[in-house]
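Participant: Fold the following for me, if possible:
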Amino acid sequence: MKKSGSILIKNGSVIDGSGAREERLDVFIKGEQIADVGRFPLRNADLVIDGTGMVVTPGFIDLNTASDHYLSIFTDPFQKRFLTQGISTIVGGLRGSSLAPILYGDLDSLMKWTDVNQVNIDWASFDELLNLLDRRGVGVNFASFVGYSTLRRAISSHYHDDLSAKEIDAVVRLGSDALDDGALGISFGLLHRDSGSTSSRELEEIYKLCSQKGALVATQPRYDGEKIFDAVEELASFADEFEVKTIVNTLVAVKGHEGEYKRAIERIEKSRYLYFDAHNFDHQTLPIHLLLPPEFRFGGIDKMMEFVESEIGRDGILEALGRVNGDKLVIASAPNFDFLVGRSLKEFANNHGLSVAKGLLKLMEMTRLRAVLFVENLNSKEAFEALKSDKAFFASSNPSLLSAHNVIDHPGGSANVFLNYLKDSENLEKAVKKISFDSASFLGFGDRGLVRSGYVADLCLLSDRIPEYVLISGEIVLEEGSANNRLAGKILRRT
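Facilitator: Have a look, this model is predicted:
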C-alpha cells in the first residue's frame, strides 16, 4: 500500500494509554503525527479505516528484547514477530552486551547467543551503529543501551579480574561517548560469565556517570532464586544513592523461593529509583554455560571450554551436575546440531547411553557451550501478580527470529507473549498503559505512548485483543493481521 499523507480512523474505541476508560472517538493522522482526536463526521483523509468494533491503542513498547543479541535486527529487519503483537518499539543492548562500541572489530560478547559471523561489522562507535541501522531501515522503532561487558571487553581482555583505576576511567570515558551518541543508559548482565565479577567500584563509577548524564541503568540481578532479595538490595543501594532510575531485567519467581521473590518486590517498591520488568512464563531460558559451577564460569567461551575438556574440570563439573533433573531441561537451540532441538536432556543422555550429568557435559562439548536450554522452574502465577505493581513493566526478553528451524519457541509462547498478557489482563486500560505510556515515560520518549494530538502516530488497532492494524510514525506496517514488509521504524536516541 502506498504511504498515505493523511489517515482517519473512524469509530474506534480509543484506549489512549493514560489509564482512562475507553471512549468511542475518531483519530486523524497527518504525516507522522496524530493531528487530532475527537469526533469528525465530515473530515476527509487520503485513507479512511473503519475502526468499528476495534480498540485503538498506542503502539506497544517491549523494553527488554534480544533482537540485537541474536542479530535478527540485521537478518530479519522487518521484525514481524513483534509487529504481529502490536509492538512498535523495542529496546536492545541489555544484559551487559550491545552491538557497539566495537574497538577491535568483533562481537565476542554475543557468542553466547548466536553465530556472530552472520554479519559484516562496518561500524565502531555507537553513533556509527545507529546511523547504519537508520540507513538500512528497521521494521520497528529501535533504541539501545550500551552494554558494560561490551565496554569492558574494549578495554581489557581480563574480564574476570577487577579493573585497575586506569582501566575503569577508560571504560567510563567510552561509556560517556556512547551516552552522548544516544544510548539510553548502561546495562549489566550480572548473571553472565563476563559480568558476574563486576566489582562494587565499577558499579559505583558507572552509576556516577549515569547520574551526571541523566541516563538509565538496566541490569540483571547478580543472583536469582534463594538470593534474589540480596541481589535486589545491592541494586537498590546504588540506585537510591546516586538517584539513577534503574530497571532490574527479567525478575523471575523461581519455584521454591517465592518468599524471597516477594521480599525483593517489596524492596523495589520501597526504592524511589528501582523498577523491574517481568513476564509470566513458567519456563526459564538458560544458556548452557550457566549450569557450570561458579568456579568454572569465568573468562570467555574458550577459557570455559578448557575446564570442560580438562580431567580436573570434568570431575568437578560432573559432581556439581549430579542433581540436574533431565526431564525438566529441554534443548532450545544447539548450533550445528539442529536435530537435537526440542529433545529433553534426559532423552539426549539416554540416546548416548549416559547419565544425565554426563549427557549434559557431552552437550556442552558438542556445542562448545553455545546450546540454550529451557527449564521449567518458574512460578508464572506469582510473576503475573507482581506485574500489578506500579514499579513493574511487562517485557518479553525475546528476539524476532525469521526462521525457527534451529530454535524452538519458548514453551510460554514468546511469539504471542504480549497477546497473552492482554488476554489475561482483567483491566485492559491498565494493561495498555503499562506497555505504552508507562514504558515510554520511563525511557524518556516524551512524544510516544499516548493517543493524543501532537504525539507520534505509533498505533495499534485490536480486534478481540489481537492486532488487526499497526501504524508506525503514521505508516501502516500491519494490515488485516499481516505485516506488509515496510521498514517504517525509527532509530530512537536518548536526548
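
Participant: Checking T250 next. Helix, strand or coil?
Facilitator: Three-state assignment for T250 (DSSP: H, G, I helix; E, B strand; the rest coil): coil.

Participant: Find the nearest non-adjacent residue to it, please.
Facilitator: Leaving aside its sequence neighbours, T250 sits nearest to S397 (C-beta to C-beta, 6 or more residues apart in numbering; 5.1 Å). Any C-beta I mention is one placed from the backbone N, CA and C, and that applies to glycine too.

Participant: okay, now the one you found: neighbour count?
Facilitator: Close neighbours of S397, defined as other C-beta atoms under 10 Å, add up to 22.

Participant: all strands for the stretch 351-495 of the chain, in order.
Facilitator: Taking DSSP state E, counting those that start in this stretch as the test, the strands found in the stretch 351-495 of the chain are 372-375, 392-394, 459-463, 466-472, 475-479, 482-483.

Participant: Out of the ones you listed, flag the one nearest K227.
Facilitator: Smallest distance to K227 across the strands of the stretch 351-495 of the chain (C-beta to C-beta): 17.4 Å, for strand 372-375.

Participant: elements contacting that closest one?
Facilitator: strand 284-287, strand 329-333 (3 or more C-beta pairs under 8 Å, 6 or more residues apart in numbering; DSSP states H and E).

Participant: Ends of stretch 209-224, what's the gap?
Facilitator: Counting by C-alpha to C-alpha, to the nearest Å, you get 27 Å between the two ends of stretch 209-224.

Participant: and if you look at stretch 458-478?
Facilitator: OK, stretch 458-478 end separation, C-alpha to C-alpha: 12 Å.

Participant: contacting residues for the residue nearest to T250?
Facilitator: S397 is in contact with N64, T65, A66, N249, T250, H279, T285, counting by C-beta atoms under 8 Å, 6 or more residues apart in numbering.

Participant: could I get those residues as a markdown table with distance to M364?
Facilitator: A markdown table is the format used below for the contacts of S397 (distance: C-beta to C-beta, whole Å):
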| residue | distance to M364 |
| --- | --- |
| N64 | 27 |
| T65 | 27 |
| A66 | 22 |
| N249 | 25 |
| T250 | 23 |
| H279 | 27 |
| T285 | 17 |
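
Participant: Could you pull out the helices in the stretch 151-300 of the chain for me?
Facilitator: 165-180, 200-213, 228-242, 258-270 (DSSP state H, counting those that start in this stretch).

Participant: and V48, that one's in a strand?
Facilitator: Yes - counting by three-state DSSP, V48 falls inside a strand.

Participant: does it really touch K10, like I thought?
Facilitator: Yes - at 6.2 Å, V48 counts as touching K10 under the criterion of C-beta atoms under 8 Å.

Participant: any low-confidence regions in the stretch 1-150 of the chain?
Facilitator: Residue ranges of the stretch 1-150 of the chain with pLDDT under 70: 1-4, 105-117.

Participant: so where do the strands sit in it?
Facilitator: Using DSSP E, counting those that start in this stretch, strands in the stretch 1-150 of the chain cover 6-14, 23-30, 33-38, 47-50, 55-58, 60-62, 87-92, 141-144, 146-147.

Participant: which of these sits most buried?
Facilitator: Mean neighbours per residue, mean count of other C-beta atoms under 10 Å, is largest over these for strand 146-147, with a mean of 31.
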